[in-house]
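>>> What follows is a protein structure lacking sequence information:
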């Protein structure tokens, strides 16, 4: 998202362009990949289940918040 903002491109466009670039790079390597199994974690059909599972875990008290040491990126200001 930070790269998209920096380049003045909508984040979805940036993401899909990079997915296409990676796919083309892998194809040029000649790898035996079954492209019918490709998935993108940015698709709502994928991440809706991740969000559902997180919500269920939260309801059961399995998710909690605490202070912890993290690897902070001072350039992108992300963890």
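Thanks, I have it. It should be emphasised that the depicted structure is a prediction, and the values quoted were computed from it without experimental measurement.
>>> if we look at the top helix by length along the chain, which residues are touching it?
Using DSSP state H to define each element, the chain has its longest helix at helix 11-28. With contacts defined as Cβ atoms under 8 Å, 6 or more residues apart in numbering, helix 11-28 is touched by 1, 3-5, 7, 9, 33, 35, 38, 40, 42. For every residue, glycine as well, the C-beta is placed using N, CA and C.
>>> If we use 7 Å, what do you get?
1, 3-4, 7, 33, 40, 42 (Cβ atoms under 7 Å, 6 or more residues apart in numbering).
>>> For this structure, give me the ranges with low pLDDT.
Within the chain, no stretch has pLDDT under 70.
>>> distance of residue 56 from residue 45?
For residue 56, the distance to residue 45 (Cβ to Cβ, to the nearest Å) stands at 18 Å.
>>> Tell me which of the two has more neighbours.
Using other Cβ atoms under 10 Å as the criterion, residue 56 and residue 45 rank with residue 56 on top: 11 against 8.
>>> From the chain's centroid, how far away is the longest helix of the chain?
13 Å (Cα atoms, centre = their mean, to the nearest Å).
>>> right, and the helix or strand after that helix?
As assigned by DSSP states H and E, the chain's next helix or strand after helix 11-28 is helix 44-59.
>>> so what's residue 3 up against?
Residue 3 neighbours (Cβ under 7 Å, 6+ apart): residue 14.
>>> Quick check on it: phi, psi?
Residue 3 has phi and psi values of phi -70, psi -40 when expressed as degrees, to the nearest 10.
>>> For burial, what's the neighbour tally of residue 16?
The burial count assigned to residue 16 is 13, neighbours taken as other Cβ under 10 Å.
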